[in-house]
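*Asks:* Any chance you could fold what I've pasted below:
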Amino acid sequence: MKFKIFSTKIYISFFFMAVFTVMLATDRTGLILPLFFAIIMHECGHLFCMWAEDVSLKQIKIIPSGIQIISGFSGEYKKDIKVALCGPIVNIALFVILYFNYLSFGNEQVLNYALLNLIIAIYNLLPVKGLDGGTILYSIIARKSNINKAEITLKFITLSVAIAVLITAVLLTVNDVLNISIYIVGIYLFIISLIK
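*Replies:* Predicted structure coming up:
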């Protein structure tokens, strides 16, 4: 599904809707909706910072691997770093709020919601291509050196992390612990490291 809000193109993948529906239908943990909420809040952090920093927004893509906000690098590396940091900062703030709520009232479910936000923040701060940490690393290297060195460094780190994640997934499987999500993350990072 494609539509436009002002000058921003919005694209929602049919495959995303199918995967999300299946996840909701098969969720036995009750964490899918809070996870989706945490991801939306993360992206709202980016959008708010883009608005505050006057960064133009070209497209929002909602696909199975996540929500992508496409603005392109502004060339102003400080702005790019601020925008990249705002998503994880929102998740960390939610973690702190929910964790204090857990400490006050002792509700285990609130602790799970808090930990979801912390995991999303930490995952997004990984210095790999396609994540906020990668954008931050790219901006720092490009600012101090040049764009080519930043791209090569980011690809190398992303490929290294992908291989480490896939080796971990295989070792867990050999020890009778099958975790599909680790395979998905490893394959996603491997593919993204090969894309220009």
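*Asks:* C-alpha only now, for contacts and for neighbours.
*Replies:* Will do.
*Asks:* Next, the contact list for the spatially most central residue of the chain, please.
*Replies:* Nearest to the mean C-alpha position of the chain, by C-alpha atoms, centre = their mean, lies Asn124 at 4.5 Å. Asn124 makes contact with Pro88, Leu131, Asp132, Gly133, according to C-alpha atoms under 8 Å, 6 or more residues apart in numbering.
*Asks:* The closest residue to Glu53 other than its chain neighbours: how many residues sit nearby?
*Replies:* What sits nearest to Glu53 in space, not counting adjacent residues and going by C-alpha to C-alpha, 6 or more residues apart in numbering, is Lys79, at 6.8 Å. The local packing of Lys79 (other C-alpha atoms under 10 Å) involves 18 other residues.
*Asks:* Confirm Lys79 sits in a helix?
*Replies:* Yes. Counting by DSSP: H, G, I helix; E, B strand; the rest coil, Lys79 is found in a helix.
*Asks:* how near is it to Val110?
*Replies:* Counting by C-alpha to C-alpha, to the nearest Å, the gap from Lys79 to Val110 is 33 Å.
*Asks:* Who are the packing partners of whichever helix or strand Lys61 is part of?
*Replies:* According to DSSP states H and E, Lys61 maps onto strand 59-63. The contact analysis (3 or more C-alpha pairs under 8 Å, 6 or more residues apart in numbering; DSSP states H and E) places strand 59-63 against strand 8-12, helix 14-26, strand 66-70.
*Asks:* could you redo the last one with a cut-off of 10 Å?
*Replies:* strand 2-5, strand 8-12, helix 14-26, strand 66-70 (3 or more C-alpha pairs under 10 Å, 6 or more residues apart in numbering; DSSP states H and E).
*Asks:* what is the rounded mean pLDDT of that strand?
*Replies:* For strand 59-63, the mean pLDDT works out to 83.
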